[in-house]
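*Asks:* From the sequence below, what's the structure:
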Amino acid sequence: MSLLHGLRAGVRSLEDWWFDTTRGVETAGSAKTPADSSVVGDTRDSYGYLPARAANMRDALRRLPITNLAGYTFIDIGSGKGRMLFVAAELPFARVVGVEFDEHLHAAAVRNVAACRFRRRCMIIEPVLANAAEYEFPPGPLVVYLFNPFGPEIMNRMLDNLERSFTRDPRHIVLLMLWPEHADVVAQRSWLHQTERTRRHCIFEAGRETPGA
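*Replies:* A predicted model of the protein is given here:
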């Protein structure tokens, strides 16, 4: 098992190196939960930074129940250094937004966006320094992505904000969770409906895609 673990770690390290090198960015590596002095809000119920594999991100995005991404804003809650922002920008979203509460990770994402050198289909990438529990979601159709950035407490507060936004502006909202640890928290929300679940990802929806959007 130790040999297999070492091989997997080596493959993962090579994948991370290739992703960053071909784009001129630095998204690899993990980070522990930051100090309260360097975040917007506090660190209670938050998790450390660990980027997902790009292949798993792309596989989850392929499962989105959307025919025309051009009318959607993609929002990564807990975006860290921005890896998912670059993967999402490979698709023709109207805009890609990363919400991160750690000042140091947010600064890294800003640097990465400025340095990134690859042809993308979405030209607008916006890192935002904000507390997910207080973030105000923009109008229009949304894809909200989460890769276990926090626990149930912050999840519930974020979902409250998202529900208020949906009530004010009913539209198609897709919640995409990668390796979901707290899908049960989302499943308790009656306004969201689970439409797909696999070992790696879970999809919830509210509203419907507008034809021709």
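*Asks:* Mind checking what secondary structure the most centrally placed residue in the chain has?
*Replies:* Taking C-alpha atoms, centre = their mean, the centroid of the chain lies closest to residue 76, which sits 2.7 Å from it. Residue 76 carries the three-state label strand when classified by DSSP: H, G, I helix; E, B strand; the rest coil.
*Asks:* how far away is it from residue 210?
*Replies:* Note on residue 76: its distance to residue 210, by C-beta to C-beta, to the nearest Å, is 23 Å. Every C-beta, even on glycine, is put in place using the N, C-alpha and C of the backbone.
*Asks:* before we move on, back to that, from what I can see the residue nearest to the centre of the chain touches residue 93, true?
*Replies:* No. Using C-beta atoms under 8 Å, residue 76 makes no contact with residue 93, being 11.2 Å away.
*Asks:* Break down the chain into its helices, ranges please.
*Replies:* 2-23, 54-61, 83-88, 103-115, 152-168, 183-187 (DSSP state H).
*Asks:* Mind putting these into JSON lines with mean neighbour count and distance to residue 44?
*Replies:* Shown next, in JSON lines, are those (neighbours: other C-beta atoms under 10 Å; distance: least, C-beta to C-beta, whole Å):
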{"stretch": "helix 2-23", "mean neighbour count": "12", "distance to residue 44": "29"}
{"stretch": "helix 54-61", "mean neighbour count": "18", "distance to residue 44": "27"}
{"stretch": "helix 83-88", "mean neighbour count": "27", "distance to residue 44": "24"}
{"stretch": "helix 103-115", "mean neighbour count": "18", "distance to residue 44": "17"}
{"stretch": "helix 152-168", "mean neighbour count": "17", "distance to residue 44": "7"}
{"stretch": "helix 183-187", "mean neighbour count": "16", "distance to residue 44": "16"}
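*Asks:* Nearest approach to residue 145 belongs to which of these?
*Replies:* helix 83-88 (6.3 Å; C-beta to C-beta).
*Asks:* Give me the contacts around that closest one.
*Replies:* Contacts to helix 83-88, defined as C-beta atoms under 8 Å, 6 or more residues apart in numbering, come from residues 19, 23, 25, 27, 51-52, 54, 57-58, 61, 74, 76, 79, 96-98, 109, 112-113, 116, 118, 120, 122, 125, 127, 145, 147.
*Asks:* Many thanks, I have nothing further to ask.
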